[in-house]
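Novice: Whatever this is, show me its structure:
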Amino acid sequence: MTEDQSRSLAEVEALLARLGCDLVLVPEASGDAAWRAGFGTVRTRLEALGGPTAARLCARVDALVGAASAEDARAAFDALVADVSAWRDGTAPVPAQGSAPDGASGIGDDDLEMLRADPELASMFVAEALDHLGTIEASILKLESSPRDAQLLNDIFRPFHTIKGNAGALGVGRVQQLAHTVETLLDHCRSGRLTPGPHEIDAVLKAVDLLTTMIQDIGPRLGGGEGRDVWPASLVLMDAIQALSAAAASPGGEPRGTDPHQERPTQAPALPEEPRRRAEDQPGHHAVRVDTRKLDTLIDMVGELVVAQSILYGHPAWQAALDERAARQLAQLRRITGDLQRTAMSMRMVPIRSTFQKMARLVRDLGKQAGKQVELVFSGGETELDRKVVEEITDPLMHMIRNSLDHGIERPEERMRAGKPPTGRVELTASHEAGNIAITVADDGRGLQLARILEKAVERGLVPEGASLTPQEIHQLIFKPGFSTAVEVTAISGRGVGMDVVRRNIESLRGRVDISSTPGEGTRFQIKLPLTLAIVEGLLVAAGDQRYVVPTFAVRESLRPAPGDVHHVQGAPRMIRVRDSLLPLVRLSDLFGIGASGLSPAEMTAVVIEDDGRRLALLVDRLLGKQEVVVKSLGSAFRHVRGVAGGAILGDGLVGLILDAGGVMDLTDERGPEYGGRPSPQRRAAA
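Specialist: As a prediction, the model looks like this:
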């Protein structure tokens with residue numbers, strides 16, 4: 001809002017205040033024609049302001065003057081005062097009666113007319129527009145640190161222009177109107193009449209948010225649902241953007257923008273340089289949009305094909321009847337099926353870059369909100385993993401970054417007293433590690449305060465008083481539901497809701513989260529996730545008459561125990577010496593209560609599994625080999641079975657259970673030290 005507009009709006013508020021005093025002193029004035037006539041000056045002032053919001057307020061005045069009763073006039077007056085105050089505060093005024101369609105939304109009913117006639121075209125428009133908005137947000141965050149970068153300005157201008165053009169061609173007028181308003185502002189920036197500063201950056205980011213909401217609502221609205229009413233907020237934003245554009249267009253003025261010496265509370269994230277053209281945009285490369293439901297169906301069918309091929313390949317009758325030529329052909333079928341599976345699985349893989357870019361916006365906004373200077377640096381955005389994993393990991397990452405900014409990163413003055421630079425640093429990295437994806441969130445803040453965490457845990461009854469916990473066990477307490485060390489609740493965090501959700505979501509993806517922290521230096525969270533949720537590579541083992549799959553990422557080694565390395569407790573083998581370490585030893589058949597084979601430990605195989613720094617030796621009857629299996633859900637009835645991550649159809653058509661290393665160790669710990677498990681903190685405190 002310009003200075004002239006602000007002054008005119010102040011005059012309007014003064015007029016309304018005088019008319020309001022008249023109403024208080026003489027309540028029956030609301031029915032007086034002379035009192036209503038006083039709003040002519042108000043309307044004149046509002047018309048002078050110009051813009052969609054001023055027009056809506058003029059409609060409020062008209063409704064007041066033409067009110068049929070004193071009660072209606074008074075109600076219209078109250079609504080007008082509220083709307084004017086909201087506009088001055090920068091919030092959306094209440095829309096005039098009849099201005100919003102049924103099921104009010106940012107998208108009007110008229111905007112949907114052409115899209116209803118062609119749902120496939122509507123789907124394409126939504127997908128492309130959301131892609132463009134994603135690229136805009138990443139570029140605008142780079143522009144914040146390089147406001148005179150002409151290439152970045154062009155990278156932001158072009159997607160807005162495309163969205164405006166597509167929306168206009170399809171009759172989505174409100175999207176077109178907002179995109180055109182922003183496009184005009186960006187054109188002033190490109191021409192050099194305006195240097196983008198904090199106000200311009202904030203305005204474009206708000207426009208991205210509003211456009212995203214409106215476009216996301218198209219699908220539900222076409223299906224008969226209701227959308228979110230963001231059009232009033234869009235009108236307010238367009239007024240603000242038009243004011244910025246008008247100031248830039250005024251003749252004889254210098255290019256306006258941010259003061260180069262102005263301190264910014266939050267630095268723009270150091271986004272890695274991307275090639276100006278993506279691989280699929282290069283000559284000879286083309287992209288085709290495919291409905292994700294079709295893709296998921298294809299993946300499922302390929303999985304069934306792999307299972308059928310495995311059953312055929314392992315069938316004894318086929319093996320006995322095969323001659324050399326048939327064996328070669330069947331081996332060729334196996335190779336082709338494997339290649340098809342790998343190709344199909346690669347279609348599910350997407351870069352994690354878009355998720356990282358969302359975190360860049362989050363860090364910027366939270367840093368400004370908390371009054372902290374924060375720099376986000378990320379690397380490994382090109383790392384690919386399963387689309388479902390990328391979708392599910394967004395919320396855990398947001399919670400972890402919120403906690404880093406609120407609890408970890410100190411305020412500038414506190415950092416300077418500690419000898420640190422005033423700008424805090426949050427690092428977000430992704431990389432391949434031992435067949436998994438490792439995502440790390442690290443900050444250079446104050447670190448986890450172990451004494452404070454333990455004190456809060458005792459206070460909440462999570463651990464008994466006097467319990468002796470290792471630093472790693474204290475770290476894990478922050479994942480307890482409702483746990484928080486915050487002295488006061490802030491808008492960012494402090495309610496104890498979030499970190500328990502982080503762990504639950506990550507474990508549902510067959511992943512785990514590790515913590516390391518140094519007081520005064522910072523905290524590091526590392527999430528380890530499988531590349532894909534559809535297949536898993538594992539060791540196929542036999543225990544009794546059952547077979548199990550132990551994921552290879554959880555296997556440290558396997559060995560045949562020597563009789564002297566096995567230690568017995570109450571006549572049962574409970575510990576095993578592996579080189580210089582003494583590890584708990586558990587029979588897999590005993591753990592799941594299935595029939596034991598009667599073999600001695602020296603006749604069995606010990607598979608050493610590892611999870612979260614813990615190791616355990618599982619005694620199995622024999623190793624059957626290494627195999628990639630298609631993961632199948634066991635259904636809701638077996639969702640809470642400890643130690644089992646899913647099932648797989650094996651080569652003979654029977655089902656083998658896929659073990660969860662962390663769950664197996666937790667199950668062993670529940671049995672206590674007499675079963676080879678570690679005593680719980682409560683047991684250690686009692687001892």
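Novice: Low-confidence stretches in the stretch 51-200 of the chain?
Specialist: 51-52, 63-64, 66-73, 75, 88-106, 108 (pLDDT under 70).
Novice: can you map out the helices along it?
Specialist: Using DSSP state H, counting those that start in this stretch, the helices of the stretch 51-200 of the chain run over residues 52-65, 70-89, 113-117, 119-145, 150-169, 173-191, 198-216.
Novice: roughly how far out does stretch 191-206 sit from the chain middle?
Specialist: With Cα atoms, centre = their mean, to the nearest Å as the basis, stretch 191-206 stands 27 Å off its chain's centre.
Novice: Hmm, I typed the wrong one, I wanted stretch 383-395.
Specialist: Between the mean C-alpha point of stretch 383-395 and the mean C-alpha point of its chain there is a distance of 9 Å (Cα atoms, centre = their mean).
Novice: Pull the contacting residues for the residue lying closest to Met349 once chain neighbours are set aside.
Specialist: Sequence neighbours aside, Glu384 is the residue nearest to Met349 in space, at 4.1 Å (criterion: Cβ to Cβ, 6 or more residues apart in numbering). From N, CA and C alone the C-beta is placed, and that goes for glycine too. Under the criterion of Cβ atoms under 8 Å, 6 or more residues apart in numbering, the contact list for Glu384 reads 349-352.
Novice: same question for the helix or strand hosting Arg452, mean pLDDT?
Specialist: In this assignment (DSSP states H and E), Arg452 forms part of helix 450-459. For helix 450-459, mean pLDDT is 84.
Novice: Only the buried residues of it, if you could.
Specialist: For helix 450-459, the neighbour count (16 or more other Cβ atoms under 10 Å) marks 453-454, 456-457 as buried.
Novice: now, the most widely separated pair of those?
Specialist: The most widely separated members of these, counting by Cβ to Cβ, are Leu454 and Lys456 (7.4 Å).
Novice: follow-up on the earlier one: tabulate the helices of the stretch 51-200 of the chain (CSV), appending mean neighbour count and distance to Glu391.
Specialist: Formatted as CSV, the helices of the stretch 51-200 of the chain follow (neighbours: other Cβ atoms under 10 Å; distance: least, Cβ to Cβ, whole Å):
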stretch, mean neighbour count, distance to Glu391
helix 52-65, 20, 36
helix 70-89, 17, 36
helix 113-117, 14, 25
helix 119-145, 18, 14
helix 150-169, 18, 23
helix 173-191, 21, 25
helix 198-216, 20, 15
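Novice: okay if I get those as a markdown table plus distance to Gly520?
Specialist: Supplementary listing: the helices of the stretch 51-200 of the chain in a markdown table, determined by distance: least, Cβ to Cβ, whole Å:
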| stretch | distance to Gly520 |
| --- | --- |
| helix 52-65 | 50 |
| helix 70-89 | 41 |
| helix 113-117 | 56 |
| helix 119-145 | 28 |
| helix 150-169 | 37 |
| helix 173-191 | 42 |
| helix 198-216 | 32 |
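Novice: Would you tell me which of the ones you listed gets closest to Lys294?
Specialist: Of all the helices of the stretch 51-200 of the chain, it is helix 119-145 that lies closest to Lys294, at 12.2 Å by Cβ to Cβ.
Novice: So what angle separates the directions of that closest one and helix 150-169?
Specialist: Computed with axes from the mean of the first three to the mean of the last three Cα atoms, to 10 degrees, the direction of helix 119-145 lies at 150 degrees from that of helix 150-169.
Novice: Per the annotation, how does this structure divide into domains?
Specialist: Partitioning the chain according to automatic domain parsing yields domains covering residues 3-91, 109-252, 292-348, 352-530, 535-686.
Novice: weakest of those in terms of mean pLDDT?
Specialist: Ranked on mean pLDDT, the bottom entry among the domains of the chain is domain 3-91, at a mean of 68.
Novice: tell me the contacts of Leu152?
Specialist: Under the criterion of Cβ under 8 Å, 6+ apart, the contact partners of Leu152 comprise 139, 142-143, 146.
Novice: Give me the most central residue, this protein.
Specialist: To find the centre residue of the chain, average its C-alpha atoms and take the closest one (Cα atoms, centre = their mean): that gives Thr394, at 2.0 Å.
Novice: wouldn't that residue be in contact with Thr355 here?
Specialist: Yes - contact criterion Cβ atoms under 8 Å: Thr394 and Thr355 qualify, at 5.4 Å.
Novice: so what's in contact with these two at the same time?
Specialist: Shared contacts of Thr394 and Thr355, counting by Cβ under 8 Å, 6+ apart, come down to nothing at all.
Novice: could you dump the contacts of Leu152 to JSON lines with distance to His568?
Specialist: Listed next are the contacts of Leu152 as JSON lines, based on distance: Cβ to Cβ, whole Å:
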{"residue": "Ser139", "distance to His568": "66"}
{"residue": "Lys142", "distance to His568": "64"}
{"residue": "Leu143", "distance to His568": "69"}
{"residue": "Ser146", "distance to His568": "69"}
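Novice: Tell me which residues touch Phe479, please.
Specialist: 499-500, 502-503, 513.
Novice: What helix or strand is the residue lying closest to it once chain neighbours are set aside located in?
Specialist: Distances taken as Cβ to Cβ, 6+ apart place Arg503 nearest to Phe479, at 4.3 Å, with adjacent residues excluded. For Arg503, the element it lies in under DSSP H and E is helix 499-508.
Novice: Same list, the contacts of Phe479, but as CSV with distance to Leu462 please.
Specialist: Conversion of those to CSV gives the following (distance: Cβ to Cβ, whole Å):
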residue, distance to Leu462
Met499, 13
Asp500, 12
Val502, 17
Arg503, 14
Val513, 18
